[in-house]
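J.: Dropping the sequence and predicted coords here.
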Amino acid sequence: MSIIIKKKIKADTGIYIELECDGDSKRRLKEYVKQTIDPDSKYDDFHTTLIYSKKPFDGEINLEIGKDLNKVYAKPIGFKKFINEKENIYAIVIELKCIVCEIAHKELMKKYKFKYDYDKYIPHITLTYNGKDIDIDSLPLPNFMIKFDKINIEPLDENWVDKTDKK
């Protein structure tokens, strides 16, 4: 089974497409976060964004990529921290090497002419929004591959912020 994206959607604010981690990867990431970043973390929305486009869309998204969604893995390769002091958000993300994600992003951008706010697409997963006092250079990389098994497509909500981990 390939990664098949097929959905009719009307999205006046833009479109958001993500690959969701499978249950085992979510469990392992949650345990990793509790052991290395925040023992009290409640965050569990582990996914990687394929498309975050503010361009309105009305139509059907239809794309097939990859060999087998059950075999789409990503390798953790590093960390980044994103800070928004005004909102008290200190996000820590783990960057991934995932060829299928990179191809899917590129093909979706080309086929549907979505807009992207960043210079370069780098697959990543947010681990916490509560990483203010964490030195990412001291974090060990998880020693497991991350697996994705579900695609979510929805209208873009520019005001969305997960507050699960905010204190």
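T.: Here it is on my side, so go on. Numbers count the residues shown, from 1 in each chain.
J.: Do I have it right that residue 30 meets residue 41?
T.: Yes. Using CB atoms under 8 Å, residue 30 is in contact with residue 41, at 7.2 Å. (Each C-beta comes from the backbone N, C-alpha and C, glycine too.)
J.: what sits in contact with each of these two?
T.: Counting by CB atoms under 8 Å, 6 or more residues apart in numbering, residue 30 and residue 41 have no common neighbour.
J.: Show residues contacting the helix or strand where residue 125 lies.
T.: Taking DSSP states H and E as the criterion, residue 125 maps to strand 124-128. Contacts to strand 124-128, defined as CB under 8 Å, 6+ apart, come from residues 21, 29, 32-33, 37-38, 41, 43, 45-49, 80, 90-96, 134, 146, 162, 165.
J.: Among those, which lie within strands?
T.: 21, 47-49, 80, 90-96, 146 (DSSP state E).
J.: Arrange these in TSV, one row each, with pLDDT and distance to residue 55 as further columns.
T.: Below are the ones in strands among the contacts of strand 124-128 laid out as TSV (pLDDT from 0 to 100; distance: CB to CB, whole Å):
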residue	pLDDT	distance to residue 55
21	94	27
47	96	21
48	96	20
49	94	15
80	96	25
90	91	29
91	93	24
92	96	29
93	97	24
94	98	28
95	98	25
96	98	25
146	96	29
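J.: Can you tell me which of the residues you listed lies closest to residue 117?
T.: Nearest to residue 117 among the ones in strands among the contacts of strand 124-128 is residue 49, at 11.0 Å by CB to CB.
J.: Look up how far residue 12 lies from the closest one.
T.: Between residue 49 and residue 12 the computed distance is 20 Å (CB to CB, to the nearest Å).
J.: what about those two, which has more around it?
T.: Comparing residue 49 with residue 12 by other CB atoms under 10 Å, the one with more neighbours is residue 49, at 17 against 9.
J.: and that one, how far is that from residue 88?
T.: From residue 49 to residue 88 the distance is 22 Å (CB to CB).
J.: before we move on, back to that, make a ChimeraX selection of the buried ones in the contacts of strand 124-128.
T.: To isolate the buried ones among the contacts of strand 124-128 in ChimeraX, judged by 16 or more other CB atoms under 10 Å, type:
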select :21,29,32,33,37,38,41,43,46,47,48,49,90,91,92,93,94,95,96,134,146,165
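J.: ok, back up a step: what's the mean pLDDT across the strand holding residue 125?
T.: The predicted model assigns strand 124-128 a mean pLDDT of 96.
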